[in-house]
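sharing a model that was predicted from the sequence below.
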Amino acid sequence: MPAQQSLLIPSQRSSRGSARPSPGPRVRARAAAATVWYLRLLAVLNIVAVLSLPFREEVHEHNAGQFFTPYLATAGLVSAALALFLAVVMRRRKRAAWVFNLLLAGPLFALYALALTQDPYRDHLFNWLSAGLTGLFVAALLIGRREFYAIGDRSNPKLALAVGVGGILVSGTLGTLLVDATNKVPGASLTDKIAYTLLRGVSVGPLADRLDAVHAPRWVDITINILMAATFLLVLYACFRSPRGRALLGEEDEKRLRELLDRHGERDSLGYFALRRDKAAIFSPTGKAAITYRVVGGVSLASGDPIGDPEAWPGAIDAWLAEARRHAWAPAVMGASEEAGTIYARHGLDALELGDEAIVEVADFSLEGRAMRVVRQAHNRVRRAGYTVCIRRHEDIPDDEMALLVDRADQWRDGATERGFSMALGRLGDPADGRCVMLECRDADGVPRALLSFVPWGEHGLSLDLMRRDRACENGLMEFMVVELLLRAEEFGVRRVSLNFAMFRSVFERGARLGAGPVLRLWRSVLTFFSRWWQIESLYRANAKYRPVWEPRFLLFAKSSDIPRIGIASARAEGFLTPPALPSFTRRGRASAPEADKAVDSAR
């Protein structure tokens, strides 16, 4: 119990530590929510003030002379961007955002309170309202301080400083050039133009009108303000970004995971993919279960079921969720089974069915019968063309042959982007993966034309990892290789084989039946349309021909509002969405085992 209690966030520890129910945690949560709504409201008001000239002039009038406005009410894009960004990070309970707001709003409230003791300021009712709203915001910050527990990355201050200096130099230079080109008053010095640019970066109001030597058009003022607002947002992002997590799986973690797979690897066909070295592992307090994940875009993305003893899964899930809360990551699981999804649901996650995994039981597979006519004909046609298949464990392949296969796999990859995360190992030819199975297909002249690689699924199963082929080879080559594996599987002690994952399989199957409803038919038509670019329906058809058993797989998430973030993070992890990067002028050679060769099949 002490190990599990240490994983709780501060508010949970305090609430569980008291014997009697206390309204404290509820009040703190409401105070924290109030700060978020205040910032959202101020963001909307600032945007409206920027777009509405009368409202903007009214705000500027109450922000000068004997008047002052509530915290962050300045009628500027920078203030709007700041309030909006702070609302987002405060909602994610970032501790740094709480400190930032307190350092700004606290002294401001003290200044307002001091001003209200003097005659020119206390005579105006609006000043009392502004001081009251600012004071309430500060009070809400102090009351809800324990709710802001999420930590940031240690490198954030240095990164924010670099981004701020670089952004101000770029934005200031561009703004000064625009002012120099459009200034309507001749004879302005460079110092005046720079000062005007910096002041316009703060506000489009009368702040910079004191410089009589410079007068730029309105669109220049707005452009400068937008550039500075963008720079400010980048600085804030650098300040408050979540930690990215560990990049690679450590050797000790990999050893512990392999031990768990040796004992419980039969449970999940995706279990071996937990050994990807771009994932991190977190273990249950007993060490009998683990979850592997990767942090992408602020999303802690796990895949498959937890590894290890199901009785220890709750401990691993608690540890993983606690870490996600501590770093303000959105937790999500891709490709969980129904059994794991049920346990995740007990920890507050919701489920959305993604599709089905095709699993073929070797004992039930046969090429006989009318239903298998298409597969049988493709198999016979390719065999008559002289193609042969060699099936070996990776550990039985000589190093020079394996190097050749890795090189061919790299050449046959469809496109430069390497894809795969939840159902791909991310490397080929690593000595640690000796129990993987390689299928090598050669034509009548003995030239390699295609290969398949399967990872172990316990002692008597295989799970498809990699599919590569020469685009100029015979059609039906992949079907030929899969059938050869299924027919000869007993030679290797294999009883079941997991093939590709078919997303939204039930939609295609039920949508084509007689009596399908209009909504289901419409959804099927939409997916069929998008199948022109993504392998959605084709993967379902390619797997259905083997008459497999369909096992549903689920996407698990904590909040529905996080689904867009999770979708983008999943697309990035799988390689379907690649963020822009600087071009590489060096050709990537063959990867060594420690660097995790990423020969990942796009269809997997």
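Thanks, I have it. Numbering: from 1, shown residues only.

for the stretch 501-604 of the chain, what are the low-confidence residue spans?
The stretch 501-604 of the chain contains residues with pLDDT under 70 at 507-517, 519-520, 523-524, 529-537, 577-604.

and the strands in it?
For the stretch 501-604 of the chain, strands defined by DSSP state E, counting those that start in this stretch occupy the ranges 549-557.

now swap in the chain and tell me
280-283, 289-296, 299-303, 307-308, 330-336, 350-361, 388-393, 437-442, 448-456, 461-469, 496-503, 549-557 (DSSP state E).

the first one pairs with which strands?
Think strand 280-283. strand 289-296 (antiparallel) (DSSP bridges).

also the shortest one?
Here strand 307-308 is paired, per DSSP bridges, with strand 289-296 (antiparallel).

what mean pLDDT does the strand it pairs with have?
For strand 289-296, mean pLDDT is 91.

return the distance of that strand from the chain's centre.
12 Å (Cα atoms, centre = their mean, to the nearest Å).

for it, buried residues please.
Residues of strand 289-296 classed as buried: 289-296 (neighbour count, 16 or more other Cβ atoms under 10 Å). Where C-beta positions appear, they are placed from N, C-alpha and C, glycine not excepted.

what of stretch 441-452?
Here stretch 441-452 shows 441, 443, 448-452 as buried, counting by 16+ other Cβ under 10 Å.

just the terminal-to-terminal distance for that stretch.
9 Å (Cα to Cα, to the nearest Å).

same thing with stretch 554-567?
13 Å.

if we can go back for a sec, just the buried residues of strand 289-296 now: which is nearest residue 319?
Comparing these against residue 319 with Cβ to Cβ places residue 291 closest, at 7.7 Å.

now distance to residue 562 and pLDDT too, for the buried residues of stretch 441-452, in CSV please.
Putting these into CSV (distance: Cβ to Cβ, whole Å; pLDDT from 0 to 100) gives the following:
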residue, distance to residue 562, pLDDT
441, 43, 92
443, 49, 88
448, 45, 88
449, 44, 90
450, 40, 91
451, 38, 92
452, 36, 93
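
tabulate these (a markdown table), appending distance to residue 163.
A markdown table is the format used below for the buried residues of stretch 441-452 (distance: Cβ to Cβ, whole Å):
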| residue | distance to residue 163 |
| --- | --- |
| 441 | 51 |
| 443 | 55 |
| 448 | 49 |
| 449 | 50 |
| 450 | 47 |
| 451 | 45 |
| 452 | 46 |
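
and which of those is nearest to residue 539?
Nearest member of the buried residues of stretch 441-452 to residue 539, counting by Cβ to Cβ, is residue 452, at 15.3 Å.

hang on, isn't the closest one packed against residue 485?
Yes. If you go by Cβ atoms under 8 Å, residue 452 and residue 485 touch, sitting 7.4 Å apart.

quick check: neighbours shared by these two?
Common neighbours of residue 452 and residue 485 are listed as residue 439 (criterion: Cβ atoms under 8 Å, 6 or more residues apart in numbering).

what sits against residue 268?
With contact set as Cβ under 8 Å, 6+ apart, residue 268 has these partners: 304-305, 307, 337, 340.

mind redoing it with 6 Å?
304-305 (Cβ atoms under 6 Å, 6 or more residues apart in numbering).

again with the one 4 residues further on
Residues in contact with residue 272, defined by Cβ under 6 Å, 6+ apart, are 455-456.

can you tell me how far it is from residue 461?
10 Å (Cβ to Cβ, to the nearest Å).

for the stretch 51-200 of the chain, just list every one of the helices.
Listed in chain order, the helices found in the stretch 51-200 of the chain under DSSP state H, counting those that start in this stretch are 53-61, 77-91, 95-115, 119-122, 125-143, 156-182, 190-202.

any idea which of the buried residues of stretch 441-452 is closest to residue 92?
residue 452 (42.9 Å).

name the residue most distant from the centre of the protein?
The centre of the chain is farthest from one residue, residue 119, which by Cα atoms, centre = their mean lies 54.8 Å away.

relative to residue 130, how far out is it?
Residue 119 is 17 Å from residue 130, by Cβ to Cβ.

could you check how many residues crowd around residue 72?
25 (other Cβ atoms under 10 Å).

same question, residue 373
12.

who touches it in this structure?
For residue 373, counting by Cβ under 6 Å, 6+ apart, there are no contacting residues.

now do it, the pLDDT please.
88.

also residue 486?
93.

so who does it touch?
So residue 486 contacts 362, 365 (Cβ under 6 Å, 6+ apart).

mind doing that once more with 10 Å?
360-362, 365-367, 494, 497, 499, 546 (Cβ atoms under 10 Å, 6 or more residues apart in numbering).

the closest residue in space to residue 160 that isn't next to it in sequence: neighbour count?
Spatial nearest neighbour of residue 160, chain neighbours left out: residue 238 (3.9 Å); criterion: Cβ to Cβ, 6 or more residues apart in numbering. Using other Cβ under 10 Å, residue 238 has 21 other residues around it.

just to check, residue 238 is in contact with residue 85?
No. Assessed by Cβ atoms under 10 Å, residue 238 is found out of contact with residue 85, at 11.4 Å.

overlap in contacts of the two?
Joint contacts of residue 238 and residue 85 (Cβ under 10 Å, 6+ apart) do not exist.

which residues touch the residue lying closest to residue 217 once chain neighbours are set aside?
Ranked by Cβ to Cβ, 6+ apart and with sequence neighbours excluded, the top spatial neighbour of residue 217 is residue 182, at 5.4 Å. Residue 182 makes contact with 214-217, 219-220, according to Cβ under 10 Å, 6+ apart.

got JSON lines for those, with pLDDT and distance to residue 277 too?
Compiled in JSON lines, these are given as follows (pLDDT from 0 to 100; distance: Cβ to Cβ, whole Å):
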{"residue": "214", "pLDDT": "82", "distance to residue 277": "57"}
{"residue": "215", "pLDDT": "81", "distance to residue 277": "60"}
{"residue": "216", "pLDDT": "83", "distance to residue 277": "54"}
{"residue": "217", "pLDDT": "84", "distance to residue 277": "55"}
{"residue": "219", "pLDDT": "86", "distance to residue 277": "51"}
{"residue": "220", "pLDDT": "85", "distance to residue 277": "51"}
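
counting only helices, which of those residues make the cut?
Of the positions in the contacts of residue 182, 219-220 sit in helices, assigned by DSSP state H.

just the buried members of the contacts of residue 182?
Buried among the contacts of residue 182 (16+ other Cβ under 10 Å): 214-216, 220.

partners of the closest residue to residue 404 other than its chain neighbours in the sheet?
Once flanking residues are discounted, residue 404 sits nearest to residue 448: 7.6 Å by Cβ to Cβ, 6+ apart. When bridges are called by DSSP bridges, residue 448 pairs up with residue 442.

between the buried residues of stretch 441-452, which is nearest residue 344?
The closest of those, once distances to residue 344 are taken by Cβ to Cβ, is residue 452, at 31.6 Å.

from memory that closest one sits against residue 479, does it?
No. Residue 452 is beyond contact range of residue 479, at 11.2 Å (criterion: Cβ under 10 Å).

chain neighbours aside, what residue packs nearest to residue 270?
residue 304 (3.5 Å).

same question but for residue 33, I mixed them up
residue 144 (8.0 Å).

now do the one you found: how many residues are near it, please.
Applying other Cβ under 10 Å, I find that residue 144 has 23 neighbouring residues.

any idea how far residue 134 is from it?
Residue 144 is 16 Å from residue 134, by Cβ to Cβ.

and if you look at residue 437?
Distance from residue 437 to residue 134, by Cβ to Cβ: 67 Å.

the more surrounded of those two?
residue 134 (25 against 21).

show me what contacts the more buried one?
Applying Cβ under 10 Å, 6+ apart, the residues near residue 134 are 38, 68-73, 105-106, 108-113.

please pick the buried ones from these.
Using 16+ other Cβ under 10 Å as the burial test, the contacts of residue 134 include 38, 68-73, 105-106, 108-109, 112 as buried.
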